[in-house]
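Visitor: Next input, structure requested:
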Amino acid sequence: DKRFDAWKRGMTGYPLVDAGMRELRETGWMTQSIRMIVASFLIEYLRVDWVRGCEWFHHTLVDADSAINPMMWQNAGRSGIDQWNFVMSPVNGSQDPTGNYVRKWLPELSNLPNKVIHKPWLAPHQVLKTSNVILGETYPHRIIKDLEHERSISVESVLTMRRNSMEFNDSKGYDLISLPNGEKTVVFTKKEYRINKFGHLMNESKNVKKNQGGRKSMK
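Guide: Sure, this is the predicted structure:
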């Protein structure tokens, strides 16, 4: 709940995410790219159930669509029929190269230079001081610090779930879903989640076969 609440209020300590969520609260709208960044952050890094994000979007978006909104969140949450084959970075700032978007919605960071506007925790003390930024006071500390670690937990949780439901994995590691007529069909599954019948990652099993095939017998 702490993570979800910080996300909703735009107080995660990640400027691009927070700018998007504050814009949403104030206007009921965000561009598609910012929607994807905040959704990806909630699921991939904060590890919050996609359903909660979907409900919040439906409650706050002025253009919320009862079909499109849950479909997009399902795909972001790895349970849709066209799962996202990417993870949006909350820190590289490619969606806000000038920093002006963050400066508009996070005026407390408006004096920071472009180099650190999307990651103020990397700013030298003097830069923070001259920019009137006090992390933990005028702007929150990051709610999570190790993005790579948080995402590794997320990935492993998905793999554990898939290993516990082997009947819903096809021979190539893709998800299987049941149709109304009782038949099963394949849906796209990200490569990092594809497992073989033994529960091993497909790319790992291929590497093992390749290594074994390349060995020469000792005589």
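
Visitor: Number of residues surrounding residue 189?
Guide: 22 (other Cβ atoms under 10 Å). (Glycine included, C-beta is placed from N, CA and C.)

Visitor: quick one: the strands in the chain?
Guide: Remark: strands assigned in the chain by DSSP state E are 175-178, 184-187.

Visitor: gap between the last one and the chain center?
Guide: Taking the mean C-alpha point of strand 184-187 and that of its whole chain, the gap between them comes to 24 Å (Cα atoms, centre = their mean, to the nearest Å).

Visitor: do the first one as well
Guide: Between the mean C-alpha point of strand 175-178 and the mean C-alpha point of its chain there is a distance of 23 Å (Cα atoms, centre = their mean).

Visitor: Low-confidence ranges, the protein, go.
Guide: 204-219 (pLDDT under 70).

Visitor: longest helix of it?
Guide: Criterion DSSP state H: the longest helix present in the chain is helix 147-163.

Visitor: Show me which residues of it are buried.
Guide: By 16 or more other Cβ atoms under 10 Å, the buried positions in helix 147-163 come out as 147, 150-151, 154-155, 158-159, 162.

Visitor: would CSV of the residues you listed with distance to residue 36 be doable?
Guide: Formatted as CSV, these follow (distance: Cβ to Cβ, whole Å):
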residue, distance to residue 36
147, 16
150, 18
151, 16
154, 16
155, 19
158, 19
159, 23
162, 24
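
Visitor: ok, of those, which one's closest to residue 47?
Guide: In terms of Cβ to Cβ, no member of the buried residues of helix 147-163 lies closer to residue 47 than residue 154, at 5.2 Å.
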